[in-house]
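Trainee: Fold the following, please.
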Amino acid sequence: MIKSFFKLIYNLTKIPMTIILFKTPIKKKLINYMINYRSRGIKNIFDKYINKIFWEEFFLKLNEEEKNDIRDKTLSFGEGKIWAEGYFSKSFKSLKDLEKIKIGKINYLEAEPIYEDIISYLKEQNEKVSIIQIGSSSGRDLNLIRNYFPEHEYISTDINDEILDFQKTKYKFNNFKFLKAYAQNIDKICNHFNLENKKKIIFSIGSAQYLSPNELTKFISKMSKLKKASLFILEPIQISFLNKKKQHSLYRSNISYNHNYENYFSENGLKISLKKIIEPYDASHRIHGDTAHYYIKCIDNNE
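Mentor: As a prediction, the model looks like this:
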């Protein structure tokens, strides 16, 4: 009943409100207000209304450059540090720690098997490996892997200096390196660290969802040309989107997208070693009933 009433009011007012909010000087103030949408959250009906009209009536109609400018600003002005601190506070250091944490109806390791798979892969290697995380946030993921294999090289990348500066205070290891970079520049990341002929793992946990379809295309295309590279991706996705098998990408919410990573892999010649759709939540879950985890990997590309 409440949802229906909200939908009715929204549909009746969205056109005049769009004109007021985005065709007047209020627009600049609203953009600044929306920059901290993560830490502010939805505290009342006003925030829910403003969020919906901003992302669906304004943001979606921008060009890619304008969208990316807003996306990048959502991790600036203190927001990047808040984001990193939030993930850092989860305090997991081992697979046993993850096994104790629940995501929906299953444990963390079942919901996100990427950790065990990367660690299993590294156990089989007889040479030094460079492990690169795309969108590393708190650095917790890289550090967990480093706790098992301190001999390898760890490269933390993110698009925001605040996030990387936070990590630098936490991980003071000689083989733990940092670089401000975008996923679609993965070739430049590898060149920066002289990794062309070295064995490497590139992985993303919850960060590839923020790439536009164009950026993801560039990232996967460049990945397909890298030597001795393995790619692991684990991202949230709407279950309802998975039925649209031919569709490559679809706007999800805020600054995130649904991506059919299998299509991107196949079209760029990446051999899929494993693809798995994991549903941690019951369909009746109030927030995540339509959310699954899309896990896909390519092992030893161009070996």
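
Trainee: Can you show me the strands along the stretch 1-150 of the chain?
Mentor: Assigned by DSSP state E, counting those that start in this stretch, the strands in the stretch 1-150 of the chain fall at 102-103, 106-107, 130-134.

Trainee: who does the last one pair up with?
Mentor: Its sheet considered, strand 130-134 pairs with strand 153-158 (parallel), strand 200-205 (parallel) by DSSP bridges.

Trainee: got the contact list for it?
Mentor: Where contact means Cβ atoms under 8 Å, 6 or more residues apart in numbering, the residues beyond strand 130-134 that reach it are 118, 122, 141-142, 145, 152-157, 183, 186, 189-190, 193, 195, 198-205, 207-208, 219. Quick note: C-beta positions are derived from backbone N, CA and C, even for glycine.

Trainee: Could I have the buried ones of those residues as ChimeraX selection syntax?
Mentor: Buried residues within the contacts of strand 130-134, by 16 or more other Cβ atoms under 10 Å, are selected in ChimeraX with:
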select :118,122,141,142,145,152,153,154,155,156,157,183,186,189,190,195,198,199,200,201,202,203,204,205,207,208,219
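
Trainee: okay if I get the strands of the stretch 1-150 of the chain as CSV plus mean pLDDT?
Mentor: Formatted as CSV, these follow (pLDDT from 0 to 100):
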stretch, mean pLDDT
strand 102-103, 96
strand 106-107, 96
strand 130-134, 98
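
Trainee: Quickly compare the ones you listed and say which is most buried.
Mentor: Ranked by average neighbour count under the criterion mean count of other Cβ atoms under 10 Å, the strands of the stretch 1-150 of the chain are headed by strand 130-134 at a mean of 24.

Trainee: just how off-centre is it within its chain?
Mentor: 14 Å (Cα atoms, centre = their mean, to the nearest Å).

Trainee: Output it as CSV, nothing but the C-alphas.
Mentor: Extracted in CSV, the C-alpha atoms of strand 130-134 (Å, rounded to 0.1, in the frame of the first residue of the first chain):
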residue,chain,number,x,y,z
SER,A,130,51.7,-10.4,-9.2
ILE,A,131,48.2,-10.1,-7.8
ILE,A,132,46.3,-7.0,-8.9
GLN,A,133,43.0,-5.9,-7.5
ILE,A,134,40.7,-3.6,-9.4
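
Trainee: The most centrally placed residue in the chain and Glu215: what is the separation?
Mentor: Relative to the mean C-alpha position of the chain, the nearest C-alpha, by Cα atoms, centre = their mean, is the one of Ser207, at 1.4 Å. Look at Ser207 and Glu215: by Cβ to Cβ, to the nearest Å, they are 11 Å apart.

Trainee: So for these two, which residues contact both of them?
Mentor: Residues touching both Ser207 and Glu215 (Cβ under 8 Å, 6+ apart) are Ala183.

Trainee: what's stretch 278-297 in contact with?
Mentor: Where contact means Cβ under 8 Å, 6+ apart, the residues beyond stretch 278-297 that reach it are 103-106, 110-114, 117, 230-240, 242, 259, 261-262, 265, 272-277.

Trainee: Give me the nearest residue to Ser39, chain neighbours excluded.
Mentor: Of all residues not flanking Ser39 in the chain, Ile82 sits nearest, at 4.9 Å (Cβ to Cβ, 6 or more residues apart in numbering).
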